[in-house]
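Novice: Need coordinates for the following:
(2 chains)
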Amino acid sequence: MLISSILIKISQASVLIPIIAGLLFYKRINTPFKWLTWFFILSAFVEIISVKIIHRGQHNNMPLLHLYTLIEFIAFGYMYYVYFKDRNRLKYFPVITLFTFIIIAGIDAIWINGIWLPNTVARSFECMVLVLLALMYYYLFFKESFDQVVWKQSMFWLSTGVLFYFAINEPFFMLYNFFLSNHSDMAKLGLNIHAVINIFTNILFAISFTCPKRKTY
Amino acid sequence: MPKTENILIQFYIGGTLFVFLLLVFLLIYVYLHQMKVNRFKLQLNEQEIKKQEALFLALIEGEEKERHRLAEELHDGIGVKLSGLKMSVEYLIDYYSNSHKNLDKISSEPHPVSQGGVSLLSKVAEGMNESILELREISQNLKPSFLTNKGLVMVLTELVAHLNNKGNCRFKLYIEPDEEKFSRYMQVIYRIVSELLNNIQKHSQATEASAQVICSDNIIQIIAEDNGKGFDEKILGDGIGLTNIRSRLEIYNGRLNIESTDHGTVIIAELPLSKSE
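Specialist: Below you'll find the predicted structure:
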């Protein structure tokens, strides 16, 4: 129990790792990564507010999660949009999925789960799209940039983080409501796994800030 | 626990593990792929370097053949003609000297070719002689074989002695006597040293200069120093034969370092020995 709560606290604090990296390398990184730094700063604020809400015990913090999911999707989707923008067909993919996501998130918040329950449908959709985008990045990178060193690419680390976080947590997000209402122990296990993956992912995101030079993306 | 719930839990645990393993495998694949790419790039680079080296060596070989041809032309063409002309002039000197003496005995009339004329002819013969010697020297130095015949130490010593006789600058030479160390690089060392020393003599207005050829573990250093007026590399550019030196060094991945002030110049040419040396 104690280990679990410590793990979750560390996971919550781990958002500071990419923030510190982003601010340290702020002058060196390019515009999309500057925006990503601001997204992580926003994430930290969301984390603080959600903790405060829980401590007050007045409401649950799920509406914030609904909003955060949308911001998260826009942030990562924007990174892939910039990466794919020179490709005729692919550049529309993040934009189309964003509009689809907004519709699905709306339906989820109003009709499926409601605003006071975790947005499992929207979150699952987000996971699928972002995993797909990360895999597309991998595919294109190895197809087209044969002569570049992969671990010097900021997008590689970002995509690896995206892939780890969203692919591993996808089943958890899908079944979260079910676990909450029927198997609290499974929900706790899921949260612990989520915490570990979250820490690991934040480290990967932090590495992505250390790689780029001004011109490369 | 109902069966469907059990399946869902199994799906969750199994799915998470499966995805995790899949990602680990993906990363391992990425890592191995990148290593393969790096190896391939390295191989490609090595091949490119080898190709360039071969090309440069072919160019050098062509240049040496051309030098050889030029040397033969000079020696067998202009050299022979100059020797013939010199003999004719010497004959004329002999002839007019003797006939001058004979005519002096029988006639008091002034001879058409005066004493002054004979001495002028002697000067022409002397000049021709010097030209022939110089031409022979140039022709000999142009031939690549003269290095292998005499050896680098001997050839450079002769070069320094020749330069010391020519001008006001006193040249000193220090070269490691063990020629075996740089036998493969004799040609390039000779060309660089002679270019640098000739530059000093022609342009530096130095009174003292030295050339050193030092061979350490894996590098040959050619150091030329003088106490002349120096030069500004930016202004002069590579117009005084430095381009030649640079391109020769580039073939062997060598480099040229120049430090020049109003009180003198130090030029260091570094020639890395190949691994097979």
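Novice: secondary structure element for B:Ile220?
Specialist: strand B:219-226 (DSSP states H and E).
Novice: just A:Thr69 next, same as before
Specialist: helix A:62-84.
Novice: Which strands or helices does that helix pack on?
Specialist: helix A:31-56, helix A:92-107, helix A:120-144, helix A:154-182 (3 or more C-beta pairs under 8 Å, 6 or more residues apart in numbering or on different chains; DSSP states H and E). From N, CA and C alone the C-beta is placed, and that goes for glycine too.
Novice: For these, please prepare a markdown table with the additional fields mean pLDDT.
Specialist: Formatted as a markdown table, those follow (pLDDT from 0 to 100):
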| stretch | mean pLDDT |
| --- | --- |
| helix A:31-56 | 89 |
| helix A:92-107 | 91 |
| helix A:120-144 | 90 |
| helix A:154-182 | 89 |
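Novice: tell me the contacts of the nearest residue to A:Tyr165 once chain neighbours are set aside?
Specialist: Of all residues not flanking A:Tyr165 in the chain, A:Thr201 sits nearest, at 4.0 Å (C-beta to C-beta, 6 or more residues apart in numbering or on different chains). A:Thr201 is in contact with A:161-162, A:164-165, counting by C-beta atoms under 8 Å, 6 or more residues apart in numbering or on different chains.
Novice: Nearest to chain B among these?
Specialist: Nearest to chain B among the contacts of A:Thr201: A:Phe164, at 5.8 Å, using C-beta to the nearest C-beta.
Novice: The closest one contacts A:Asn202, doesn't it?
Specialist: No: in this structure, A:Phe164 is not within contact of A:Asn202 by C-beta atoms under 8 Å, at 10.6 Å.
Novice: so where's chain B shaky on pLDDT?
Specialist: The model of chain B has pLDDT under 70 over residues B:1-2, B:100-115, B:144-145, B:233-240, B:274-277.
Novice: Flag every residue of it that's near chain A.
Specialist: Chain B has residues B:5, B:8-9, B:11-12, B:15-16, B:19-20, B:22-23, B:26-27, B:30, B:33-34, B:37-38, B:41 near chain A, with proximity defined as C-beta under 8 Å from any C-beta of the partner chain.
Novice: among the residues you listed, which ones are buried?
Specialist: Neighbour counting with 16 or more other C-beta atoms under 10 Å in any protein chain shown marks B:8-9, B:12, B:15-16, B:19, B:23, B:26, B:30, B:34, B:37 as buried within the residues of chain B next to chain A.
Novice: Please, which helix or strand holds the residue nearest to A:Tyr165?
Specialist: Going by DSSP H and E, A:Thr201 is part of helix A:184-210.
Novice: Repeat that for B:Leu271.
Specialist: strand B:264-272.
Novice: What is the distance between that strand and the centre of its chain?
Specialist: Relative to its parent chain, strand B:264-272 has a centroid offset of 13 Å by C-alpha atoms, centre = their mean, to the nearest Å.
Novice: Doesn't B:Asn129 belong to a helix?
Specialist: Yes: counting by DSSP: H, G, I helix; E, B strand; the rest coil, one finds B:Asn129 located in a helix.
Novice: and it, how far is that from B:Leu85?
Specialist: Per C-beta to C-beta, to the nearest Å, B:Asn129 is found 11 Å from B:Leu85.
Novice: Please apply the same query to A:Phe166.
Specialist: According to C-beta to C-beta, A:Phe166 stands 94 Å off from B:Leu85.
Novice: Which one's more surrounded, these two?
Specialist: Shown here are A:Phe166 and B:Leu85; by other C-beta atoms under 10 Å in any protein chain shown, A:Phe166 has more neighbours (26 against 15).
Novice: Between the two ends of stretch B:198-213, what distance do you get?
Specialist: Taking C-alpha to C-alpha, to the nearest Å, the first and last residues of stretch B:198-213 lie 16 Å apart.
Novice: Can you tell me the closest non-neighbouring residue to the residue most central in space within chain A?
Specialist: Centroid-nearest residue in chain A: A:Glu72, 5.6 Å away (criterion: C-alpha atoms, centre = their mean). Excluding the flanking residues, the one nearest A:Glu72 by C-beta to C-beta, 6+ apart is A:Glu126, at 7.1 Å.
Novice: what sits against the one you found?
Specialist: A:69, A:72-73, A:101, A:166.
Novice: Look up how far A:Val129 lies from the residue nearest to A:Tyr165.
Specialist: As judged by C-beta to C-beta, A:Thr201 and A:Val129 stand 17 Å apart.
Novice: who's in contact with whichever residue of chain A sits closest to chain B?
Specialist: Here the residue of chain A nearest chain B is A:Pro171; by C-beta to the nearest C-beta that distance is 4.1 Å. Counting by C-beta under 8 Å, 6+ apart, A:Pro171 touches B:11-12, B:15-16, B:19.
Novice: can we see that at 10 Å?
Specialist: Going by C-beta atoms under 10 Å, 6 or more residues apart in numbering or on different chains, A:Pro171 touches A:124, A:127, A:190, A:193, B:8, B:11-19.
Novice: Which helix or which strand is home to the nearest residue to it once chain neighbours are set aside?
Specialist: Using C-beta to C-beta, 6+ apart and skipping the chain neighbours, the partner closest in space to A:Pro171 is B:Gly15 (4.1 Å). Per DSSP H and E: B:Gly15 is located in helix B:3-73.
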